[in-house]
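Enquirer: Everything below, folded, please.
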Amino acid sequence: MSDLKEYLAERCQIVDAALDRFIPSAGTRPATLHKAMRHSVFAGGKRLRPILCLAAAEACGGAVENAISNACATECLHTYSLIHDDLPCMDDDDMRRGVPTCHKVYGEAMALLAGDALQALAFELVAKTPGTPNHTAAAMVLELARTAGSLHLVGGQVADLEGEGKKLPLEDLRFVHEGKTAALLTTSVKLGAMSANASTAQMQALHDFGMATGLAFQIIDDILDVTQTSEKLGKSAGKDVASEKSTYPALMGLDASRAEAHRLTEAANRALDLFGEKGTRLRQLADYLLNRDY
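Expert: Sure thing, here's the model as predicted:
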């Protein structure tokens, strides 16, 4: 595990350095907008999605330098979704990644625009990623666009908002989590693989890995929301209960939820059989996400 910690720290440094290059400096006009973008991007996130993107590229025999713009695109898109989710008209949260949310520092209008700009930057970065014989730059842009739209990321948020105050059937809750969380995590590994000229079989295996890992990740998130403090999580704990949201713990209980997360992680790891030893980092990351405490 110490080896994994070193890997995570090293990859975080690579991703942060690249994001610093890709996002306009805080002094670039309009300065307030770029300060707001940087406030949220560099607030200390785990960089889970870009690291998974890079690990998938490596599993397919690719190079970090060919995947880094795709990796940073996933972080930009993820951060945009967090900025918008935290707005008063959405989940109305004052803290994210251990610091005040973007709208608390820069106001609602500037936060909205910072999210918009990060979303646009995500597509710019994917469009700049070198194509491969199996995957053109246009195909990579299409992959991200489908995930960002009404059928996944935005659609999942809509279903989440509409589900507040209701006891959703487990099938509907799974739809929310697949849209809000699992879809982007899956696209992260697929974009890494595409930059490495992955085969059809490798792409399918990583799709299965991503969906299972993403659902397990969200279940653990739901568990931590009711078992950890705000200080530990870096965001407001107990928000799901306060918002009367359906969650896996609320519907299944803590023990059954943990069991389901374990089952999904085992399925994710089985999906990597095709990669043999080259899938080791991805397996380690799935296990790390399962056993995290924040």
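
Enquirer: quick one, longest helix in the chain?
Expert: helix 200-227 (DSSP state H).

Enquirer: Does anything pack onto that helix? Which helices or strands?
Expert: Judged by 3 or more CB pairs under 8 Å, 6 or more residues apart in numbering; DSSP states H and E, helix 200-227 is in contact with helix 48-59, helix 170-177, helix 183-195, helix 239-242, helix 248-252, helix 254-270, helix 280-290. Where you see a C-beta, it was placed from the backbone N, CA and C, and this is true even at glycine.

Enquirer: Can you give me the buried ones in that helix?
Expert: Of the residues in helix 200-227, 202-203, 205-226 count as buried by neighbour count, 16 or more other CB atoms under 10 Å.

Enquirer: before we move on, the earlier item: how about CSV for the helices and strands packed on helix 200-227, with mean pLDDT, mean neighbour count and distance to Arg96 added?
Expert: Shown next, in CSV, are the helices and strands packed on helix 200-227 (pLDDT from 0 to 100; neighbours: other CB atoms under 10 Å; distance: least, CB to CB, whole Å):
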stretch, mean pLDDT, mean neighbour count, distance to Arg96
helix 48-59, 98, 27, 15
helix 170-177, 94, 17, 19
helix 183-195, 98, 29, 16
helix 239-242, 61, 15, 11
helix 248-252, 91, 19, 21
helix 254-270, 96, 17, 23
helix 280-290, 96, 20, 19
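
Enquirer: Ok, which of those comes nearest Gln13?
Expert: Each of the helices and strands packed on helix 200-227 was scored for nearness to Gln13 using CB to CB, and the closest is helix 48-59 (11.0 Å).

Enquirer: I'd say Leu285 and Leu54 touch.
Expert: No. Look at Leu285 against Leu54 with CB atoms under 8 Å: they stay out of range, at 10.4 Å.

Enquirer: Pull out the buried residues from the helix or strand hosting Asn70.
Expert: When secondary structure is defined by DSSP states H and E, Asn70 falls within helix 64-85. The neighbour-count criterion (16+ other CB under 10 Å) identifies 64, 66-85 as the buried residues of helix 64-85.

Enquirer: sorry, back to before: need the helices and strands packed on helix 200-227 in JSON lines with distance to Asp160, can you?
Expert: What follows is these, written out as JSON lines (distance: least, CB to CB, whole Å):
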{"stretch": "helix 48-59", "distance to Asp160": "19"}
{"stretch": "helix 170-177", "distance to Asp160": "5"}
{"stretch": "helix 183-195", "distance to Asp160": "13"}
{"stretch": "helix 239-242", "distance to Asp160": "10"}
{"stretch": "helix 248-252", "distance to Asp160": "13"}
{"stretch": "helix 254-270", "distance to Asp160": "17"}
{"stretch": "helix 280-290", "distance to Asp160": "20"}
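
Enquirer: Of all the ones you listed, which one comes closest to Ser150?
Expert: Minimum separation from Ser150 across the helices and strands packed on helix 200-227 (CB to CB) falls at helix 183-195, 11.7 Å.

Enquirer: So which elements touch the closest one?
Expert: If contacts are counted by 3+ CB pairs under 8 Å, 6+ apart, helix 183-195 sits against helix 48-59, helix 64-85, helix 137-148, helix 153-162, helix 200-227.

Enquirer: Of those, which is nearest Gly279?
Expert: Proximity of the helices and strands packed on helix 183-195 to Gly279 was assessed by CB to CB; the nearest stretch is helix 48-59, lying at 5.3 Å.

Enquirer: who touches the closest one?
Expert: Helix 48-59 is touched from outside by 8, 11-12, 14-15, 63-64, 66-68, 70-72, 74-75, 78, 184-185, 188-193, 195-196, 202, 206, 210, 217, 272, 275, 278-279, 281-282, 285, 289, with contacts defined as CB atoms under 8 Å, 6 or more residues apart in numbering.
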